[in-house]
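how would this look folded up:
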Amino acid sequence: MTQGSHHRAAAYAVVPVVAAALAHIGPAATWLPGLRRHRFPRLAGQGRPGHVALTFDDGPDPASTPYFLDVLDTLGVRATFFLLGENVVRHPAQARELARRGHELAVHGWTHDRPWMPAPAREARGLLRAAHAVGEVAGRAPRWYRPPYGILTSGRWAAARRAGLRPVLWTAWGKDWRDDATPSSVRAALAADLRGGGTVLLHDTDHASAPGSWRAALGALPGLVRDCHEAGLTVGPLGEHGVGRRARESRATAHG
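Here you go, the predicted model:
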């Protein structure tokens, strides 16, 4: 075999590997806010124009989540909590308390990992395990799934379908995971992108964030809710947000 033939054979061998990698990570482009907002509004969490969905990731955490529950009670607001399966089994009483206080429980995966290498079987097992754990403490099957870091690979899409979960990301986030986050910086970051119909992402724990950063999100909550109310917007969980309502209505009409 000539040297040129060796090079061509090596190139041909690489093509399937590259194609598989692109198929795996390609859907993660939906992480880009502009693309998501304009091309995939339901995935972005666009709902009723007069409503804002309030969501929290990474819990439950007995060191911080109770503070959020107390503030939300004071504000008279309910939210959606995207829980990690490993934290649910570690702190089941805290997870049950979320449900007892009227909040919506959703799935954030089993662990907070980055899925750079294809592992569809592991993704499916982990998400099913997490959905089961969340459903056990909630007393009902969860509806929503937000992947860690907002990275939706083809494996995570498939795992979500298998688990009966609907992926949803966000339209505005407070960048409250940073070590320099403050209540003012969180509120300003949210204000830059928050509109009626949007979905807010915050964290009720520093499980995957800078130590103590949850205090910035907690401190921003009253101002965030006040800003929404002053703009004539209601604040609540994704279950009241109307995400995908038009699609459901269209299907109902087609079958009517």
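
nearest spatial neighbour of the most centrally placed residue in the chain, chain-adjacent residues omitted?
Among the residues of the chain, the one closest to the centroid is residue 146, at 3.0 Å (C-alpha atoms, centre = their mean). Nearest non-adjacent residue to residue 146, counting by C-beta to C-beta, 6 or more residues apart in numbering: residue 82, 4.7 Å away. Glycine gets a C-beta too; all of them are placed from N, C-alpha and C.

before we move on, back to that, what does the pLDDT read for the residue nearest to the centre of the chain?
For residue 146, the pLDDT comes out at 96.

contacts only, for it.
If you count contacts by C-beta atoms under 8 Å, 6 or more residues apart in numbering, residue 146 has them with 55, 57, 82, 106-108, 167-170.

mind running it again at 10 Å?
45, 55, 57, 80, 82, 106-109, 152, 160, 165-170, 199, 201, 238 (C-beta atoms under 10 Å, 6 or more residues apart in numbering).

quick one: the helices in this structure?
3-25, 33-39, 41-44, 65-75, 85-90, 92-100, 120-138, 154-163, 183-193, 214-230, 245-255 (DSSP state H).

ok, of the ones you listed, where does mean pLDDT dip lowest?
Minimum mean pLDDT among the helices of the chain: helix 245-255, a mean of 35.

from residue 112, how far out is the closest residue to residue 92 other than its chain neighbours?
Closest residue to residue 92 apart from its sequence neighbours, by C-beta to C-beta, 6+ apart: residue 137 at 5.7 Å. Using C-beta to C-beta, to the nearest Å, residue 137 is found at 19 Å from residue 112.

in terms of neighbours, single out the busier of those two.
residue 137 (21 against 17; other C-beta atoms under 10 Å).

sitting in strands, which of the contacts of residue 146 do you find?
55, 57, 80, 82, 106-107, 166-167, 199, 201 (DSSP state E).

just give me the closest of those residues to residue 232.
residue 199 (17.7 Å; C-beta to C-beta).

identify the bridge partners of that closest one.
On the basis of DSSP bridges, residue 199 is bridged to residue 53.

that one contacts residue 56, correct?
No. Applying C-beta atoms under 10 Å, one finds residue 199 not in contact with residue 56, separated by 11.5 Å.

name the residues contacting each of these two.
residue 80.

these two: which has the busier surroundings?
residue 56 (28 against 25).

residues contacting the more buried one?
For residue 56, the contact set (C-beta under 10 Å, 6+ apart) comprises 65, 68, 72, 79-83, 98, 103, 106, 108, 176, 200-205, 214, 217, 221.

since that was my last question, I'll sign off now.
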